[in-house]
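Colleague: Structure for this input, please:
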Amino acid sequence: MTRLLRPWRGTPSAILAALFALVATVALAVQPDEVLDDPALEARARDISAGLRCLVCQNESIDESNASLARDLRLLVRERLVAGDSNEEAVDFIVARYGEFVLLRPTTGGWNWLLWAAGPLLFLAALMVAVLYLRRRASAQPLAEEGLNEAERKRLEELLKG
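Modeller: Coordinates of the predicted model:
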């Protein structure tokens, strides 16, 4: 058991190899056959891909994801750019097809303002409720304790003796 708890002690080359393997998995997300010949178009495609969510992984951009759907989206972005679309037109095309969920940073326009404002508004409402509760509690009169009447006192003494 103590062997499992000791830190891993590998050689420096083994550690470097492990780190390289981790970095290489992210670096290999964009396949060599996807890369455009024009470096300017490729840079635009990478910029767009960094802002689009992988619909399979949901926490990665399509540029970082190895999912087949992410590859299809990367190819679609490159197709749109080669066809002459601007960055905004390419993103709008993909958003029209897959919805705003595909954006890693959703817009604040339309009904999305309600989602952006819901958190702070609910926090303020909870804060107001807490303040009102604490004020009422502080100003409330303590309940007056009534003593036992004579019959209750006799009954209590009998129970305690018995």
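
Colleague: contacts and neighbour counts: CA atoms only from here.
Modeller: OK.

Colleague: Specify the local secondary structure of the spatially most central residue of the chain.
Modeller: Nearest residue to the geometric centre of the chain (Cα atoms, centre = their mean): Asn59, 7.4 Å. Assigned by DSSP: H, G, I helix; E, B strand; the rest coil, the conformation of Asn59 is coil.

Colleague: check contacts around Asn112.
Modeller: For Asn112, the set of contacting residues under the criterion of Cα atoms under 8 Å, 6 or more residues apart in numbering consists of Pro106.

Colleague: right, and the helix or strand after the longest helix anywhere in the chain?
Modeller: Using DSSP state H, we find that the single longest helix of the chain is helix 112-139. Later in the chain than helix 112-139, the nearest helix or strand by DSSP states H and E is helix 150-161.

Colleague: shouldn't Pro106 be in contact with Gly99?
Modeller: No. In this structure, Pro106 is not within contact of Gly99 by Cα atoms under 8 Å, at 10.3 Å.

Colleague: Low-confidence stretches in this structure?
Modeller: When the per-residue scores of the chain are filtered using pLDDT under 70, the ranges that remain are 1-29, 33, 144-145.

Colleague: Keeping just the C-alphas, turn stretch 69-82 into CSV.
Modeller: The C-alpha coordinates for stretch 69-82 follow below in CSV (Å, rounded to 0.1, in the frame of the first residue of the first chain):
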residue,chain,number,x,y,z
LEU,A,69,-17.9,16.0,-35.9
ALA,A,70,-15.2,18.5,-34.9
ARG,A,71,-13.2,17.5,-37.9
ASP,A,72,-16.3,17.9,-40.1
LEU,A,73,-16.8,21.4,-38.7
ARG,A,74,-13.2,22.3,-39.3
LEU,A,75,-13.5,21.2,-42.9
LEU,A,76,-16.7,23.1,-43.3
VAL,A,77,-15.0,26.3,-41.9
ARG,A,78,-12.2,25.8,-44.4
GLU,A,79,-14.6,25.2,-47.3
ARG,A,80,-16.5,28.4,-46.5
LEU,A,81,-13.2,30.4,-46.3
VAL,A,82,-12.0,29.0,-49.6
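
Colleague: and that stretch, how far from the chain's centre?
Modeller: Its chain's C-alpha centre and that of stretch 69-82 lie 25 Å apart, by Cα atoms, centre = their mean, to the nearest Å.
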